[in-house]
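K.L.:
Pasting the sequence and the predicted coordinates here, then a few questions.
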Amino acid sequence: MYDKIIPPTTGTKITFKNGEPIVPDNPIIPFIRGDGTGIDIWPATQNVLDTAVAKAYKGQRQISWFKVYAGDEACDLYGTYQYLPQDTLTAIKEYGVAIKGPLTTPVGGGIRSLNVALRQIFDLYACVRPCRYYAGTPSPHKNPEKLDVIVYRENTEDIYLGIEWKQGSEIGDRLIKILNEDLIPATPEHGKKQIPLDAGIGIKPISKSGSQRLVRRAIKHALQLPKHKQQVTLVHKGNIMKYTEGAFRDWGYELATMEFRQQCVTERESWILSNKEKNPEISPEDNARQIDPGYDALTQQKKAQIVKEVETVLNSIWDSHGNGQWKDKIMVNDRIADSIFQQIQTRPDEYSILATMNLNGDYLSDAAAAIVGGLGMGPGANIGDACAIFEATHGTAPKHAGLDKINPGSVILSGVMMLEYMGWQEAADLVKHGLGQAIANSQVTYDLARLLEPPVEPLKCSEFAEAIIQHFG
Ligand SMILES: NC(=O)C1=CN([C@@H]2O[C@H](COP(=O)(O)OP(=O)(O)OC[C@H]3O[C@@H](n4cnc5c(N)ncnc54)[C@H](OP(=O)(O)O)[C@@H]3O)[C@@H](O)[C@H]2O)C=CC1
Ligand SMILES: O=C(O)CCC(=O)C(=O)O
Ligand SMILES: [Mg+2]
């Protein structure tokens, strides 16, 4: 079955039922060490996870790690350009749950991202990146503890599908010609627009099914959160990209109000309902005026549309959502992407789950991680219906590679997400506690040490892992 790797002789595989993992006490879990600082981070992570599992379950549960290869390490073993060998894909498919360090992607030319390829191959459509604050972590923000969000990033489409043509390539030029001469003129709303003849071209597909399965998972996750965090914000740049990003928003609302009608209320619905709660006699027109501040300046047709929206909401959900019942439902709202970048800084406590398309989520997860202490504190999970791969938000940080210096926190916390996904909450809690205590004691790596006031002597990557373990208690 395998060419150059041998699975552990003990342990069994994780299986899936209805999209959920069924985990034995001794699962075999493939891991990819990763390029660059992966060489430092992975041993530190494995040490912490194994010690936590041993302490929590006293030998009754244990992970059998299965080393598989990707990136530079894979080329060393399998030969030149063998960045993602079939062995690795076979192992992840067979064992279902895996964890990885970061992998290098060259800019401009060269191979396409191995990280993205893994997500696409295994259809890991939800990239889940929680950003929460650990007390004592230095941050450029005054109140970083107010940010407690989970970026739910669509992980398989958008421009990450990687369908693009280089400037000057034969097919790229043909495509521009067809668009300029045929397709754009045939679309009246595009007027006389033309694509510059010396452009590179990329395609941005956003599908209804892809958007809705992501939002479905985000809403299901919101249902598990404490009441005050039960909110899903659809993040988009739909004012500019109407049929991709705008459609993502519309499909998100459609899913929330069709599939989760009893559990969800949209922000606009909540305004309509609360207007009537405050003034039971309010006319649909006055209600419409209050939800749309520019109402009086609108055309008759637009006004009629909003009045109709008010009437429809009151007729369809007043009984189930009115009289304040909506306050116990999941709030689904939307924000324009550029605005959400400032909102998570200026009004962080107003947000919980941020459902995004691929590119926006990539940007937003780095930005949110920065608020709570930087990329060393940004874990992540790529989740599908029959597979999950856990990995940090950050990349290979090559300038720090091999120095036993980098912060392993993000991969360790990705391991925590994996333990929680497996239902091994006791071990996950030990790691979270140990990490929280280490940081609270200013036992931190260089990235956090340099921000502390006064600065402290940094721990090495491996020493930070040991400090976490010491604080298991
Ligand atoms: N999923 C993946 O595997 C990902 C892979 N990549 C790839 O990684 C490579 C390098 O990307 P790059 O743009 O440099 O981004 P990186 O995320 O690798 O690093 C950028 C900077 O972020 C800080 N940083 C990153 N990781 C940590 C950490 N664990 N602890 C503390 N600080 C950290 C460092 O800042 P400072 O030096 O200031 O301390 C580092 O120089 C590229 O090839 C890219 O494509 C990128 C993102 C994700
Ligand atoms: O794959 C890469 O090189 C970058 C991916 C990335 O930035 C991310 O997933 O956050
Ligand atoms: Mg990124």
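P.N.:
Sure thing, it's come through. Numbers count the residues shown, from 1 in each chain. Ligands and ions are numbered 1, 2, ... in the order given.

K.L.:
which one's the longest helix in the chain?
P.N.:
Assignment by DSSP state H gives helix 300-321 as the longest helix of the chain.

K.L.:
What helices and strands are in contact with that helix?
P.N.:
With contacts taken as 3 or more Cβ pairs under 8 Å, 6 or more residues apart in numbering; DSSP states H and E, helix 300-321 sits against helix 267-278, helix 284-291. Glycine gets a C-beta too; all of them are placed from N, C-alpha and C.

K.L.:
Any chance you could list what contacts it?
P.N.:
Helix 300-321 is contacted by residues 261-262, 265, 268-269, 272-273, 276, 284-285, 287-288, 291-292, 295, 298, 322, 329 when judged by Cβ atoms under 8 Å, 6 or more residues apart in numbering.

K.L.:
Show me how to select, in ChimeraX, the buried members of those residues.
P.N.:
Burial among the contacts of helix 300-321 is assessed by 16 or more other Cβ atoms under 10 Å; the matching ChimeraX selection reads:
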select :265,268,269,272,273,276,284,287,288,291,292,295,322,329
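
K.L.:
Surely Pro130 is within a strand?
P.N.:
Yes. According to DSSP: H, G, I helix; E, B strand; the rest coil, Pro130 belongs to a strand.

K.L.:
That one contacts Tyr152, correct?
P.N.:
No. In terms of Cβ atoms under 8 Å, Pro130 does not count as a neighbour of Tyr152; the distance is 9.8 Å.

K.L.:
In terms of neighbours, single out the busier of these two.
P.N.:
Tyr152 (29 against 22; other Cβ atoms under 10 Å).

K.L.:
and the stretch 51-200 of the chain, which residues reach ligand 1?
P.N.:
Residues of the stretch 51-200 of the chain lying close to ligand 1 by Cβ under 6 Å from any ligand atom are 102-105, 115.

K.L.:
Out of these, grab the one that's most surrounded.
P.N.:
Leu103 (28 neighbours).

K.L.:
I figured that one hits Thr37, correct?
P.N.:
No. Using Cβ under 8 Å as the test, Leu103 is too far from Thr37 to be in contact (11.4 Å).

K.L.:
Overlap of the contact sets of these two?
P.N.:
Thr396.

K.L.:
hang on, the earlier thing: so which of the residues of the stretch 51-200 of the chain next to ligand 1 reach ligand 2?
P.N.:
105, 115.

K.L.:
Pop out the phi and psi values for Ala44.
P.N.:
Main-chain torsions, Ala44, degrees, to the nearest 10: phi -60, psi -40.

K.L.:
what's the closest of the residues of the stretch 51-200 of the chain next to ligand 1 to Ile171?
P.N.:
Thr105 (22.8 Å; Cβ to Cβ).

K.L.:
confidence score at that closest one?
P.N.:
For Thr105, the pLDDT comes out at 94.

K.L.:
A strand includes it, no?
P.N.:
No. Under three-state DSSP, Thr105 sits outside any strand and is assigned coil.

K.L.:
do you know how far it is from Ala218?
P.N.:
To Ala218, Thr105 is 26 Å away according to Cβ to Cβ, to the nearest Å.

K.L.:
and the stretch 301-450 of the chain, which residues reach ligand 1?
P.N.:
Residues of the stretch 301-450 of the chain lying near ligand 1 (Cβ under 6 Å from any ligand atom): 374-376, 391, 394-399, 406-407, 410, 447.

K.L.:
repeat that for 5 Å
P.N.:
Contacts of the stretch 301-450 of the chain with ligand 1, taken as Cβ under 5 Å from any ligand atom, map to 375-376, 394-397, 406-407, 447.

K.L.:
which residue packs closest to Ala288, ignoring adjacent ones?
P.N.:
Leaving aside its sequence neighbours, Ala288 sits nearest to Ile306 (Cβ to Cβ, 6 or more residues apart in numbering; 4.2 Å).

K.L.:
Now do that neighbour against Trp251, distance only.
P.N.:
21 Å.

K.L.:
now swap in Pro185 and tell me
P.N.:
29 Å.

K.L.:
between those two, who's got more neighbours?
P.N.:
Taking other Cβ under 10 Å, Pro185 and Trp251 do not tie; Trp251 has more neighbours (20 against 14).

K.L.:
which element is the closest residue in space to that one that isn't next to it in sequence on?
P.N.:
Closest residue to Trp251 apart from its sequence neighbours, by Cβ to Cβ, 6+ apart: Ser211 at 4.4 Å. Following DSSP states H and E, one finds Ser211 within helix 208-224.

K.L.:
So what touches whichever helix or strand comes after that helix?
P.N.:
Next helix or strand after helix 208-224 toward the C-terminus (DSSP H and E): strand 231-236. The contact list for strand 231-236 (Cβ under 8 Å, 6+ apart) reads 152, 215, 218-219, 222, 245-246, 248-249, 252-253, 256, 330-337, 340, 351-357, 360-361, 364.

K.L.:
for the residue lying farthest from the centre of the chain, what are its contacts?
P.N.:
Taking Cα atoms, centre = their mean, the residue of the chain most remote from its mean C-alpha position is Glu281, at 43.9 Å. Listed by Cβ under 8 Å, 6+ apart, Glu281 has no contact partners.

K.L.:
Report the secondary structure state of it.
P.N.:
Applying three-state DSSP: Glu281 is coil.

K.L.:
measure it to Asn287 for me?
P.N.:
Taken as Cβ to Cβ, the span from Glu281 to Asn287 is 11 Å.

K.L.:
same thing with Arg347?
P.N.:
26 Å.

K.L.:
Show me where the stretch 351-473 of the chain has its strands.
P.N.:
353-356, 381-383, 388-390 (DSSP state E, counting those that start in this stretch).

K.L.:
Now do the first one: which elements does it pack against?
P.N.:
Based on contacts counted as 3+ Cβ pairs under 8 Å, 6+ apart, the elements that strand 353-356 packs against are strand 148-154, helix 208-224, strand 231-236, helix 337-346, helix 358-371.
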